[in-house]
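Participant: generate a structure from the sequence data that follows.
(chains A and B)
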Protein chains: 2
Amino acid sequence: METVSENRSHGGTQGVYRHQSTATGTEMTFSVFVPDHAEGQVLPVLTYLSGLTCTHANVTEKGEYRAACAKHGIVFVAPDTSPRGEDVPDDEAYDFGKGAAFYVDATQEPWSAHYRMRSYVEHELPALIQSRFPVDMARQGITGHSMGGHGALTISLRNPGRYRSTSAFAPIASPLNCPWGEKALSGYIGADRAEWRQYDACALIEDGARLPDLLVDQGTGDNFLEDQLKTHLLQQAVDAAGMTAQIRMQPGYDHSYYFISTFMADHVAWHANRLKR
Amino acid sequence: METVSENRSHGGTQGVYRHQSTATGTEMTFSVFVPDHAEGQVLPVLTYLSGLTCTHANVTEKGEYRAACAKHGIVFVAPDTSPRGEDVPDDEAYDFGKGAAFYVDATQEPWSAHYRMRSYVEHELPALIQSRFPVDMARQGITGHSMGGHGALTISLRNPGRYRSTSAFAPIASPLNCPWGEKALSGYIGADRAEWRQYDACALIEDGARLPDLLVDQGTGDNFLEDQLKTHLLQQAVDAAGMTAQIRMQPGYDHSYYFISTFMADHVAWHANRLKR
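Facilitator: Just a heads-up that it's a prediction; the model follows:
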């Protein structure tokens, strides 16, 4: 693991690191914020998954999470959204290929060789974080934005008990039922929609997966709400399952980091409350 | 004045605007954050001047000021750092020409036609802000980073009584005594160093200008501290003048927005305390 940069910020260290990933077969870059802490102390971890077109850098620069993480003593981990590099197949569209790997393990050529972000985020990255940072992996939370909100929800739903806390900002509620999801899952996973259900938060809940609780913020001024995000499908799924969930519609907020940063401190505090018990 | 974008954020509106400037003879872009407020209410204004290579966008995206400004009811204004456009003379260096106008009114060719950021920030922009936003210009504060810290200090020192509060992040303390300053002032103002004193915070204080008080944060891990910023010269000047100033050396912090964002809420609260009396 190589240190790209480390900057002192908000009473902690904001690092950016690079390593050779076995899951994706490429170099992967991620950021980690570690609040100051006593020697030997281990801290809870909150992983944030980013949305379409993003790298680790967007939330690292614009997410406004450091003050809250320092206050609550939470390590914040932000991976990239796809494999990168000249050898990695891509697509001209912003919503497929690089920057748009949808947190799946692709099964279709030519994507299956490198587009293995599910394995990367579920297994390889947590193991690396555990080995290199002062963390207590028994106290993990996960969150994310848009495509990354979809990632956070589905990864947590598929791994019961691993994440003590799960939240999302403007998540894609059901890739089975929106153009972004249909394009990505048919491309990466193939035509069999039954295979898609493991990558659809609503379908996972319908199929019996549960979270102890859930916090979601969604802006009412979000241009993608109606056609892509479809928060109401998530509300319907949690209602039908009798799952505890706080799905908050935030008047006038859009899909940008101006929205995310507004509610970030709330989410960090919400996770901290569950991770520090 | 044209609206480039408006986004809801932190209980307010983050706008970006463009207008034709008479001071610079170019289009100028700036950002304004307006917290929600009662109809007819006018709010104090904090102007932030950015550093070398920046536009309005850096602090707008990375400055982490909105939560504090919303809490305290402060309008936050961030202009660009130079005139822009194909007709505007430039220099290949990052520290002269576009992105590096040093908040002076240039007297030397070819810079004097457009490089009039002193007039822009001291006169034209405040008049525009007053005419278009819900502000109380009797309650103004000013701050800035690096070259913009120099700008904030010198503009406030030259206009006694206009700004109720003045602060800076890692300011260039004395352009007369550092390579950035010598290059910029000789280029824009000419060889007569007596003319430079109006653009040097330490010289202005030596020459009798005073501020009621001052807050400065400076990272000890800042690569530019020793050769360019020279905080000790500002400390010496305020000590010699018997001026009240809090100049805080922050251990390990560098010159980046990771530093600025850490202390931004402190600065906003410090200004609010003086602007809301």
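Participant: near chain B, which residues of chain A show up?
Facilitator: A:7-11, A:14, A:61-62, A:64, A:66-67, A:219, A:221, A:252-254, A:256-259, A:261-262, A:265 (CB under 8 Å from any CB of the partner chain). Quick note: C-beta positions are derived from backbone N, CA and C, even for glycine.
Participant: can you say which of the residues you listed are buried?
Facilitator: With burial judged by 16 or more other CB atoms under 10 Å in any protein chain shown, the buried subset of these is A:7-10, A:14, A:61-62, A:64, A:66-67, A:219, A:253-254, A:256-259, A:261-262, A:265.
Participant: what segments of the stretch 51-200 of chain A are strands?
Facilitator: Remark: strands assigned in the stretch 51-200 of chain A by DSSP state E, counting those that start in this stretch are A:75-79, A:135-144, A:163-169.
Participant: quick one: mean pLDDT over the last one.
Facilitator: The pLDDT scores in strand A:163-169 average 98.
Participant: so which residue is smack in the middle of chain A?
Facilitator: residue A:49 (2.3 Å; CA atoms, centre = their mean).
Participant: which strand residues sit across from that one in the sheet?
Facilitator: Counting by DSSP bridges, residue A:49 forms beta bridges with residue A:144.
Participant: helix or strand: which one has residue A:31?
Facilitator: Secondary structure from DSSP states H and E places residue A:31 in strand A:27-35.
Participant: do you have the helices of the stretch 101-250 of chain A handy? List them.
Facilitator: A:117-119, A:125-132, A:147-158, A:179-189, A:201-206, A:231-241 (DSSP state H, counting those that start in this stretch).
Participant: deepest in the core, which of the ones you listed is it.
Facilitator: Among these, helix A:147-158 has the highest mean neighbour count (mean count of other CB atoms under 10 Å in any protein chain shown), at a mean of 28.
Participant: packing partners for that helix?
Facilitator: Counting contacts by 3 or more CB pairs under 8 Å, 6 or more residues apart in numbering or on different chains; DSSP states H and E, helix A:147-158 packs against strand A:43-49, strand A:135-144, strand A:163-169, helix A:201-206.
Participant: thought residue A:80 was touching residue A:24, still the case?
Facilitator: No. Judged on CB atoms under 8 Å, residue A:24 makes no contact with residue A:80 at a distance of 9.2 Å.
Participant: which residues do the two both contact?
Facilitator: Here residue A:24 and residue A:80 share no contacting residue, scored by CB atoms under 8 Å, 6 or more residues apart in numbering or on different chains.
Participant: who has more neighbours out of these two?
Facilitator: Higher neighbour count among residue A:24 and residue A:80: residue A:80, with 28 against 23, using other CB atoms under 10 Å in any protein chain shown.
Participant: now do the contacts for that one.
Facilitator: Counting by CB under 8 Å, 6+ apart, residue A:80 has contacts A:28-30, A:50, A:55-56.
Participant: quick one: classify the closest residue to chain B within the stretch 151-277 of chain A as helix, strand or coil.
Facilitator: Per CB to the nearest CB, residue A:258 is where the stretch 151-277 of chain A lies closest to chain B, at 3.7 Å. Of the three states, residue A:258 takes helix under DSSP: H, G, I helix; E, B strand; the rest coil.
Participant: that one and residue A:57: what is the separation?
Facilitator: Using CB to CB, to the nearest Å, residue A:258 is found at 17 Å from residue A:57.
Participant: ok, now residue A:47?
Facilitator: Applying CB to CB to residue A:47 and residue A:57 gives a distance of 16 Å.
Participant: compare those two (neighbour count), which wins?
Facilitator: Taking other CB under 10 Å, residue A:47 and residue A:57 do not tie; residue A:47 has more neighbours (26 against 14).
Participant: who's in contact with the more buried one?
Facilitator: A:77-79, A:121, A:125-126, A:140-143, A:152.
Participant: and if we set it to 7 Å?
Facilitator: A:77, A:140, A:142 (CB atoms under 7 Å, 6 or more residues apart in numbering or on different chains).
Participant: isn't the second one up against residue A:163?
Facilitator: Translated: residue A:140. Yes. Using CB atoms under 7 Å, residue A:140 is in contact with residue A:163, at 5.3 Å.
Participant: how many residues are close by residue A:245?
Facilitator: 18.
Participant: and the gap between residue A:81 and chain B?
Facilitator: Applying CB to the nearest CB, to the nearest Å, the value for residue A:81 to chain B is 19 Å.
Participant: right, and residue A:142 touches residue A:156 too?
Facilitator: Yes. Assessed by CB under 7 Å, residue A:142 is found in contact with residue A:156 at 5.3 Å.
Participant: common neighbours of the two, please.
Facilitator: A:163, A:166.
Participant: before we move on, back to that, now list the buried members of the contacts of residue A:47.
Facilitator: Buried among these (16+ other CB under 10 Å): A:77, A:140, A:142.
Participant: report the contact partners of the first one.
Facilitator: Listed by CB under 7 Å, 6+ apart, the contact set of residue A:77 reads A:30, A:32, A:45, A:47, A:129.
Participant: dig out what it forms beta bridges with.
Facilitator: Residues in beta-bridge contact with residue A:77 (DSSP bridges): residue A:32, residue A:47.
Participant: now residue A:110, nearest residue through space, not along the chain?
Facilitator: Leaving aside its sequence neighbours, residue A:110 sits nearest to residue A:89 (CB to CB, 6 or more residues apart in numbering or on different chains; 4.4 Å).
Participant: any idea how far chain B is from that neighbour?
Facilitator: 31 Å.
Participant: contacting residues for that residue?
Facilitator: Contacts of residue A:89 by CB under 7 Å, 6+ apart are A:97, A:110-111.
Participant: 10 Å instead?
Facilitator: Counting by CB atoms under 10 Å, 6 or more residues apart in numbering or on different chains, residue A:89 makes contact with A:83, A:97-98, A:106, A:109-115.
Participant: check residue A:259 too.
Facilitator: By CB under 10 Å, 6+ apart, residue A:259 lies in contact with A:145, A:169-170, A:217-219, A:221-222, A:250, A:252-253, B:7-10.
Participant: got a pLDDT number for it?
Facilitator: pLDDT for residue A:259: 98.
Participant: then residue A:222?
Facilitator: Residue A:222 is given a pLDDT of 98.
Participant: so the nearest residue to it once chain neighbours are set aside is in which element?
Facilitator: Among residues not flanking residue A:222 along the chain, residue A:255 sits closest, at 4.5 Å (CB to CB, 6+ apart). If you go by DSSP H and E, residue A:255 is not part of any helix or strand.
Participant: ok so, going back, make CSV out of the helices of the stretch 101-250 of chain A and add mean pLDDT.
Facilitator: Shown next, in CSV, are the helices of the stretch 101-250 of chain A (pLDDT from 0 to 100):
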stretch, mean pLDDT
helix A:117-119, 98
helix A:125-132, 98
helix A:147-158, 98
helix A:179-189, 98
helix A:201-206, 98
helix A:231-241, 98
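Participant: want to throw these into a markdown table with distance to residue B:234?
Facilitator: Shown next, in a markdown table, are those (distance: least, CB to CB, whole Å):
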| stretch | distance to residue B:234 |
| --- | --- |
| helix A:117-119 | 49 |
| helix A:125-132 | 40 |
| helix A:147-158 | 44 |
| helix A:179-189 | 53 |
| helix A:201-206 | 55 |
| helix A:231-241 | 52 |
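Participant: report the distance from stretch A:192-199 to the chain centre.
Facilitator: 19 Å (CA atoms, centre = their mean, to the nearest Å).
Participant: would you mind listing the buried residues in it?
Facilitator: Buried residues in stretch A:192-199 (16+ other CB under 10 Å): A:196-199.
Participant: pLDDT on that stretch, on average?
Facilitator: Stretch A:192-199 comes out at a mean pLDDT of 98.
Participant: ok, residues contacting it?
Facilitator: Under CB under 10 Å, 6+ apart, the answer for stretch A:192-199 is A:102-105, A:107, A:118, A:150-151, A:154-155, A:157-158, A:174-176, A:181-182, A:184-186, A:188-190, A:200, A:203-204, A:206-207, A:209.
Participant: quick one on the thing from earlier: quick one: which of the contacts of residue A:259 sit in strands?
Facilitator: Mapping those onto strands (DSSP state E) picks out A:169, A:217-219, A:250, B:7-9.
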